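S.K.: The following block contains a protein sequence and its predicted model.
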Amino acid sequence: MMFANFIYFIIVLLIYITYQPPEKTNFAPFETLFLFLCLIFIFVSFTRLQFHKLEKQISKNNFSFLVYKFDAIMTRQSIAAILLFGINIYGLNLPSFFINLPVFSTIPTFLALIFLGIFIFYLSIIWVFAHKPYRLLYKTDDSRQSYVWSNITFSIPVLLPWLFLSGILDFINSLPFELPKQLLATTEGQVIYFLIFLFAIAIIGPAIIQKFWRCKPLEKGDDRSRIEFLCKKADLKYANILYWPAFGSRMITAGVMGLIKKFRYILVTGPLLSFLEPDEIDAVIAHEIGHIKRKHLIFYLVFFTGYMLLSYATYDLIIYLIIFSEPVLKLITDMGLSRTTTISTMFSIAEICIFLIYFRYVFGYFMRNFERQADCYVYTLFDTAKPLISTFEKITATSGQSPDRPNWHHFSIRERIDYLNKCETDKNYISRHDRKIQKSIAVYFAAIVLVGIIGYSLNFGTAGKQLNNHFIEKIIFRELEKSPNDPNLYQTLGDIYYNAKNYNGVKQAYEKALTLNPDNPHVLNNLAWLYATCDDLSFRNSIRALQLSKKAVTLLKAPHILDTLAESYFANGKYEEAVDAELRALELVKSNRSHYMKQLEKFQKALDG
């Protein structure tokens with residue numbers, strides 16, 4: 001459940017943060033409110049019907065089937081809640097009605113929290129109607145209010161990292177200091193901020209989470225003494241051993257969280273202590289100790305950072321894919337939907353697909369194998385893992401789940417038992433699995449380095465710039481078909497060609513732009529510089545360069561334009577005029593004067609002789 005909630009909330013965050021408000025909403029305010037309430041009514045009715053059907057089947061089917069059915073409905077309705085949230089954002093454009101209000105434009109995190117609250121409201125609807133079947137299935141006395149609140153408090157910690165990350169960023173942006181804002185406006189600043197924050201929340205986060213989960217220190221007694229003794233035997237430092245009231249305390253499970261001793265907690269549930277024998281409790285705790293000793297929590301942090309790197313590296317690729325999807329975009333926009341909303345929807349879907357693939361297949365692969373490695377760690381502290389095997393059998397018996405039921409982040413209970421039985425007869429299976437993980441981690445790091453190189457190339461390298469220019473050029477030609485007399489499009493096209501050193505394209509684009517708008521100082525200046533300094537001598541035209549640069553200066557007296565005028569005088573052999581123009585440029589320059597000083601030195605040297 002915890003991992004499912006993690007996935008759900010990350011998807012909802014991706015849906016929200018990738019939304020781009022359109023110029024015009026799809027519906028008027030009252031229409032939007034009416035549709036919003038209608039969708040809630042439909043969702044409530046359908047959810048109630050699903051659990052009511054299940055409730056009628058409880059006396060007619062076996063426990064295992066009913067548990068499977070209950071979990072299936074929970075998953076299906078949670079996905080429906082995500083889809084409903086997506087409709088709220090992209091179909092009804094709900095954020096657009098609030099985003100320009102002063103409080104939300106100043107602190108965007110407030111608005112995000114409101115919409116995340118809407119999603120929690122949808123989940124709460126599911127939990128309200130799930131309570132009665134849950135109570136009948138598991139023979140629990142939990143009230144509906146307690147059941148819903150337990151699910152909410154169990155899910156909220158998933159949002160804490162984002163809440164702190166976004167909230168602190170809003171606070172920094174609201175301060176009257178420019179330097180922090182300038183640093184965070186750069187890619188490097190954002191990466192450094194994210195990494196510092198990620199490690200900070202990974203260290204102190206467990207102390208906050210255990211409060212949300214209402215954990216309490218395990219009272220003194222045999223159970224605590226056994227766990228303390230086992231931790232001492234394994235040389236494991238920790239802050240406390242806590243009682244974990246997870247989901248009404250019906251789960252036979254334990255957990256461990258925290259990278260450092262001061263904020264590291266060992267968690268145990270009531271059923272773990274009530275239903276298991278002492279040696280079985282030891283085996284479960286040994287498994288959790290194995291996660292710490294094998295550095296799994298650190299690797300999880302690395303894997304999450306790897307996802308951020310992958311997301312960053314594929315950002316431009318997603319944009320390029322959307323650009324190539326123009327026929328699809330045109331079809332959708334012809335149906336009356338906003339182009340901005342359509343593009344942001346496509347971008348959101350692509351980001352969600354990357355997230356699901358990464359966590360399902362990459363993160364899930366390592367989670368499954370780390371769980372097996374933690375199972376095998378039992379042999380480090382004990383001669384046998386039979387108590388852990390018997391624990392798995394009890395979990396199967398009490399949960400009602402099939403031992404062969406697949407799980408994306410765990411091997412099935414049957415697979416875990418079978419592997420431990422192999423280890424019982426041949427301990428080489430333990431070292432064999434360790435080597436498998438070592439090789440997998442090596443492959444992962446090699447892949448991440450490759451992704452990092454690709455990401456850097458796409459965002460900063462020559463290949464990325466060329467690819468970016470290609471796609472922008474494609475967009476401009478598409479727009480020129482619609483507006484063939486737009487001088488700004490030809491100006492942008494000329495700028496792209498200049499960066500690509502396509503001098504013939506530069507000449508044609510800029511000359512066309514000047515034909516449509518002869519008083520554009522930017523185009524006049526750039527074309528003059530090309531004619532005065534081009535590497536390809538066949539494109540030089542010193543007379544035309546001087547004409548263009550003189551006109552540019554009359555329109556805009558800026559240092560770089562006066563520098564072009566000086567270069568044009570120099571190209572025509574008028575060195576005195578070149579020196580005079582460069583001196584005027586230097587009078588206007590406030591910083592980065594080195595280029596102009598070198599230019600002046602060149603012109604002065606030519607004048608002197």
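M.R.: Ah, there it is. Numbers count the residues shown, from 1 in each chain.

S.K.: contacting residues around Ser542?
M.R.: Neighbouring residues of Ser542 by Cβ atoms under 8 Å, 6 or more residues apart in numbering: 531-532, 568, 571-572. Placement of C-beta: from N, CA and C, glycine included.

S.K.: rerun at 6 Å
M.R.: The neighbours of Ser542, taking Cβ atoms under 6 Å, 6 or more residues apart in numbering as the test, are 571-572.

S.K.: what does the one 10 residues further on give?
M.R.: Residues counted as contacts of Ala552 (Cβ under 6 Å, 6+ apart) are 521, 524-525, 561.

S.K.: With Asp223 instead?
M.R.: By Cβ under 6 Å, 6+ apart, the contact set of Asp223 is Leu273.

S.K.: host element of Leu493?
M.R.: Assigned by DSSP states H and E, Leu493 falls within helix 487-499.

S.K.: Which elements pack onto the helix or strand just after that helix?
M.R.: As assigned by DSSP H and E, the chain's next helix or strand after helix 487-499 is helix 503-516. Helix 503-516 sits against helix 487-499, helix 521-533, with contacts defined as 3 or more Cβ pairs under 6 Å, 6 or more residues apart in numbering; DSSP states H and E.

S.K.: Reformat these into CSV and put mean pLDDT next to each item.
M.R.: Listed next are the helices and strands packed on helix 503-516 as CSV, based on pLDDT from 0 to 100:
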stretch, mean pLDDT
helix 487-499, 82
helix 521-533, 93
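
S.K.: what's the most buried one of those?
M.R.: Highest mean neighbour count of the helices and strands packed on helix 503-516: helix 521-533, a mean of 23 (counted as mean count of other Cβ atoms under 10 Å).

S.K.: Give the other helices and strands that that one contacts.
M.R.: Against helix 521-533 (3+ Cβ pairs under 6 Å, 6+ apart) you get helix 503-516, helix 542-555, helix 559-571.

S.K.: centre of the chain versus that helix, how much separation?
M.R.: Mean-position distance between helix 521-533 and its chain equals 43 Å (Cα atoms, centre = their mean, to the nearest Å).

S.K.: Provide the angle between the direction of that helix and the direction of helix 503-516.
M.R.: Interaxial angle of helix 521-533 relative to helix 503-516 (axes from the mean of the first three to the mean of the last three Cα atoms, to 10 degrees): 140 degrees.

S.K.: in the stretch 251-400 of the chain, which spans are strands?
M.R.: Using DSSP state E, counting those that start in this stretch, the strands assigned to the stretch 251-400 of the chain run over residues 254-257, 265-268.

S.K.: Compare those and give me the one nearest Leu356.
M.R.: strand 254-257 (24.4 Å; Cβ to Cβ).

S.K.: If you average the pLDDT over that closest one, what comes out?
M.R.: For strand 254-257, mean pLDDT rounds to 92.

S.K.: Not counting residues beside it along the chain, what's closest to Phe304?
M.R.: In space, and not counting its chain neighbours, Phe304 is closest to Leu198: 7.4 Å by Cβ to Cβ, 6 or more residues apart in numbering.

S.K.: Ramachandran angles for the one you found?
M.R.: phi -60, psi -50 (degrees, to the nearest 10).

S.K.: for the one 10 residues further on, same thing?
M.R.: In this entry, Ile208 is assigned phi and psi values of phi -80, psi -40 (degrees, to the nearest 10).

S.K.: For burial, what's the neighbour tally of it?
M.R.: Using other Cβ atoms under 10 Å, the number of residues around Ile208 comes to 14.

S.K.: Kindly report the same for Glu415.
M.R.: Glu415: 16 neighbours (other Cβ under 10 Å).

S.K.: what about it, which helix or strand?
M.R.: Counting by DSSP H and E, Glu415 is part of helix 413-425.

S.K.: Outside of that helix itself, which residues are in contact with it?
M.R.: Against helix 413-425 from outside (Cβ under 6 Å, 6+ apart): 375, 385, 389, 392, 396, 403-404, 429-430.

S.K.: Can you list which of those are found in helices?
M.R.: Applying DSSP state H to those, the entries found in helices are 375, 389, 392, 396, 429-430.

S.K.: Am I right that Asp519 sits in a strand?
M.R.: No: using DSSP: H, G, I helix; E, B strand; the rest coil, the assignment for Asp519 is coil, not a strand.

S.K.: and the gap between it and Asp375?
M.R.: 76 Å (Cβ to Cβ, to the nearest Å).

S.K.: Looking at the two, which one has more neighbours?
M.R.: Neighbours were counted for Asp519 and for Asp375 using other Cβ under 10 Å; Asp375 has more, 25 against 12.

S.K.: tell me the contacts of that one?
M.R.: Arg416.

S.K.: By mean pLDDT, point me to the weakest helix or strand of the protein.
M.R.: helix 326-334 (a mean of 62; mean pLDDT, DSSP states H and E).

S.K.: re earlier: got a pLDDT number for the residue nearest to Phe304?
M.R.: For Leu198, pLDDT reads 78.

S.K.: what's the answer for Ala283, then?
M.R.: pLDDT at Ala283 comes out at 96.

S.K.: picking up where we left off before, among the ones in helices among the contacts of helix 413-425, which one is most surrounded by other residues?
M.R.: Greatest neighbour count in the ones in helices among the contacts of helix 413-425, by other Cβ under 10 Å, goes to Asp375: 25 neighbours.

S.K.: so Phe119 touches Val12, yeah?
M.R.: Yes: using Cβ atoms under 6 Å, Phe119 is in contact with Val12, at 5.0 Å.

S.K.: before we move on, the earlier item: any chance of JSON lines for the ones in helices among the contacts of helix 413-425, columns pLDDT?
M.R.: Listed next are these as JSON lines, based on pLDDT from 0 to 100:
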{"residue": "Asp375", "pLDDT": "97"}
{"residue": "Ile389", "pLDDT": "96"}
{"residue": "Phe392", "pLDDT": "93"}
{"residue": "Thr396", "pLDDT": "85"}
{"residue": "Tyr429", "pLDDT": "97"}
{"residue": "Ile430", "pLDDT": "96"}
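
S.K.: and the two most separated of those residues?
M.R.: Top of the distance list for the ones in helices among the contacts of helix 413-425 (Cβ to Cβ): Thr396 and Ile430, 23.5 Å.

S.K.: what's around Leu388, how many residues?
M.R.: Neighbours of Leu388 using other Cβ under 10 Å come to 25.

S.K.: Cross-check the contact I'm expecting between Ser344 and Tyr19.
M.R.: Yes: counting by Cβ under 6 Å, Ser344 does reach Tyr19; the two are 5.4 Å apart.

S.K.: Comparing these two, which residue is more hemmed in?
M.R.: Tyr19 (23 against 20).

S.K.: Give the buried residues for the helix or strand containing Arg226.
M.R.: If you go by DSSP H and E, Arg226 is part of helix 222-233. Using 16 or more other Cβ atoms under 10 Å as the test for burial, helix 222-233 gives 223-224, 227, 230-231.

S.K.: Tell me which other helices or strands the helix or strand following that helix touches.
M.R.: Of the helices and strands lying after helix 222-233 in sequence (DSSP H and E), the nearest is strand 240-243. When contacts are defined as 3+ Cβ pairs under 6 Å, 6+ apart, strand 240-243 packs onto strand 265-268.

S.K.: Mind listing the strands the strand it packs on pairs with, and their directions?
M.R.: strand 240-243 (parallel), strand 254-257 (antiparallel) (DSSP bridges).
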